[in-house]
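Asks: I would like the atomic coordinates for the input below:
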Amino acid sequence: MVFMNTTECIKTRYSIREYSDAAVSEGLVKEILQAAVCAPSAGNAQDWEFIVVRKQEIKKQLAEAALGQGFIADAPVLVVVCSNLKKIGSAYGERGVSLYSIQDTAAAAMCLMLAAWEKGLGTCWVGAFDEGRVKEILVLPMDVRPLAIITLGYPRAGIEKPKSRDLSGVLHWEHYGGAE
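Replies: Predicted coordinates for the structure are as follows:
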């Protein structure tokens with residue numbers, strides 16, 4: 001097993017949409033999700049919920065709900081990251097529901113993805129999907145909102161990392177457009 005430091009993990013991770021047929025153990029999925037629950041959240045509300053999907057029929061339905069993104073069904077595991085709106089809403093009202101729920105689950109999803117990469121697994125964050133349909137497929141309660149579908153598996157060999165934007169094109173000092 002190869003371990004990497006945090007910065008190396010962040011700099012080398014990229015979205016994977018093609019997976020090998022190798023199975024991902026339940027223990028490894030739990031280990032990765034344990035990292036996800038270490039993410040920061042508004043007021044430590046920890047409003048995230050995770051639905052792990054392995055059954056092919058459910059993966060196919062989720063791929064269809066995700067605007068026909070077929071690669072979703074090809075991943076060995078899917079993790080649907082949700083927010084418990086009742087929990088975050090009781091702590092922060094409308095701002096909790098409309099903003100903090102998204103921020104909290106985004107932080108948890110990123111921790112999940114970095115932990116997976118560190119363990120040799122690839123992921124892809126899917127945000128384009130019909131929320132209502134995903135709620136139906138996963139039988140989610142009214143106050144649980146699906147916010148991301150994360151594909152998870154061992155990457156197919158030969159996939160190259162796309163180039164990231166150069167820092168100089170996105171960095172601003174003191175105000176937008178500000179120079180050093």
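
Asks: Look up the pLDDT of residue 168 for me, please.
Replies: Per-residue pLDDT puts residue 168 at 85.

Asks: Please read the previous query as pertaining to residue 3.
Replies: Value listed for residue 3 in the pLDDT field: 65.

Asks: which other helices and strands contact the helix ranked longest in the chain?
Replies: Counting by DSSP state H, the longest helix found in the chain is helix 101-118. Judged by 3 or more Cβ pairs under 8 Å, 6 or more residues apart in numbering; DSSP states H and E, helix 101-118 is in contact with helix 6-12, helix 26-36, strand 48-53, strand 77-84, helix 85-95, strand 122-126, strand 144-153. Just so you know, the C-beta spots here come from the backbone N, C-alpha and C atoms, and that holds for glycine as well.

Asks: can I get those in JSON lines with mean neighbour count and mean pLDDT?
Replies: Output for these, formatted as JSON lines (neighbours: other Cβ atoms under 10 Å; pLDDT from 0 to 100):
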{"stretch": "helix 6-12", "mean neighbour count": "12", "mean pLDDT": "91"}
{"stretch": "helix 26-36", "mean neighbour count": "16", "mean pLDDT": "98"}
{"stretch": "strand 48-53", "mean neighbour count": "19", "mean pLDDT": "98"}
{"stretch": "strand 77-84", "mean neighbour count": "24", "mean pLDDT": "98"}
{"stretch": "helix 85-95", "mean neighbour count": "16", "mean pLDDT": "97"}
{"stretch": "strand 122-126", "mean neighbour count": "21", "mean pLDDT": "98"}
{"stretch": "strand 144-153", "mean neighbour count": "23", "mean pLDDT": "98"}
